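[1] Provide a 3D model corresponding to the input given below.
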Amino acid sequence: MNKLITPTVKDEVIFGIHPIIELLKAKRRKLHIIYTTKPAPKKWGQIAELLPKHIQVQPVEKAFLNRLAGTEDHQSVVALAAPFVTRKKHFDPKKHKFLLMLDEIQDTKNLGAILRSAYCTKVDGVIITQKGSSPISAAAIKSSAGLAEHMEIMLVSSASQAVAQLKASGYSLYLATVDNSKNMLDVEYQFPLCIVIGNEAMGVSKSILGSGQHITLPQCRSDISYNASVAAGIIMFNIATKYRIL
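    Just a heads-up that it's a prediction; the model follows:
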């Protein structure tokens, strides 16, 4: 069996059937090598039919995959790829009318689930604050079922910086909050727009609370709230269907 190969600074680990499939479909970054078990997992054929002939596939023990991925949740497939591609230019309100901003989302699975919903509802771009946020890691990509590979994602240093740029570009902001908020079902959204989803514990940053319309989801009790990824998904779906984006 092969010795453990430590990724270089130019390599990123990616694991799971769907993340690797979507990376190959998106064609936004290069896949360098794939490690899998022998015999290969049942769904290996879905990867094999997309895989360029020059990509090396190395059979290894599952323990090797566990160490390389840092988890057992790899579905017997781990790869090394070029770094995840993020957007460098600001979003254009004429082209990117439906944006989402994630303000210090800390849970990796929440991040992945939100990116998955964003793709499914045709969100044009996602802004993620770097400070206090979960990184776009292999685990987050796995939680997005690999769909993060197709998204236009921009990293910013702070929510305040992002809001200033969005407002200067003409975006209307809608902040998901609990207090003093308008029922999201009663809001007439103005495009181009950006939905802001705040931190799981603290919500939207205080520094930007005055930057837009506060919206909320109906719920059965005032002392509870939806999970951040669930709330984000409901809001995005509501807008996408109400305005016939889907």
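[2] what ranges do the strands span in this structure?
    In the chain, the segments counted as strands under DSSP state E are 12-15, 31-36, 56-59, 77-81, 98-102, 125-129, 153-156, 172-176, 182-183, 193-197, 213-216.
[3] Those strands: which one's closest to Ala240?
    Each of those has some distance to Ala240 by Cβ to Cβ; the shortest is strand 98-102, at 7.7 Å. In this view, the C-beta of every residue, glycine as well, is placed from N, C-alpha and C.
[4] Next, the buried residues of stretch 113-133.
    Neighbour counts over stretch 113-133 (16 or more other Cβ atoms under 10 Å) mark 113-119, 121, 123-129, 133 as buried.
[5] re the thing from before, indicate which one of the strands of the chain is closest to Ala164.
    strand 153-156 (10.0 Å).
[6] now for the closest one, which elements pack on it?
    For strand 153-156, the elements it packs on are strand 125-129, judged by 3 or more Cβ pairs under 8 Å, 6 or more residues apart in numbering; DSSP states H and E.
[7] Okay, angle between the strand it packs on and strand 193-197 too, please.
    40 degrees (axes from the mean of the first three to the mean of the last three Cα atoms, to 10 degrees).
[8] Just checking: what are the partner strands of strand 125-129?
    strand 98-102 (parallel), strand 153-156 (parallel) (DSSP bridges).
[9] ok, Cys219 - how many residues close by?
    Not Cys; residue 219 is Gln. Residues near Gln219, counting by other Cβ atoms under 10 Å, number 12.
[10] before we move on, back to that, now, which of the buried residues of stretch 113-133 sits nearest Val230?
    Ala113 (8.1 Å).
[11] OK, contacts around the nearest residue to Ile234 once chain neighbours are set aside?
    Nearest non-adjacent residue to Ile234, counting by Cβ to Cβ, 6 or more residues apart in numbering: Leu217, 5.9 Å away. Shown in contact with Leu217 (Cβ atoms under 8 Å, 6 or more residues apart in numbering): 176, 183-184, 226, 231, 234-235.
[12] Lys43 too?
    Contacts of Lys43 (Cβ under 8 Å, 6+ apart): 17, 75.
[13] and if you look at Lys109?
    Contacts of Lys109 by Cβ under 8 Å, 6+ apart are 139-140, 143, 229.
[14] Next, work out how far apart Ile215 and Cys194 are.
    12 Å (Cβ to Cβ, to the nearest Å).
[15] List the residues that are in contact with both of these two.
    Common neighbours of Ile215 and Cys194 (Cβ under 8 Å, 6+ apart) are Tyr174.
[16] and Ser211, what is it in contact with?
    163, 167, 173, 175.
[17] Excluding covalently adjacent residues, which one is nearest to Lys97?
    Among residues not flanking Lys97 along the chain, Pro192 sits closest, at 4.2 Å (Cβ to Cβ, 6+ apart).
[18] Helices of this structure, residue ranges please.
    Ranges of helices in the chain, per DSSP state H, are 17-26, 44-48, 62-69, 108-120, 138-143, 159-169, 228-242.
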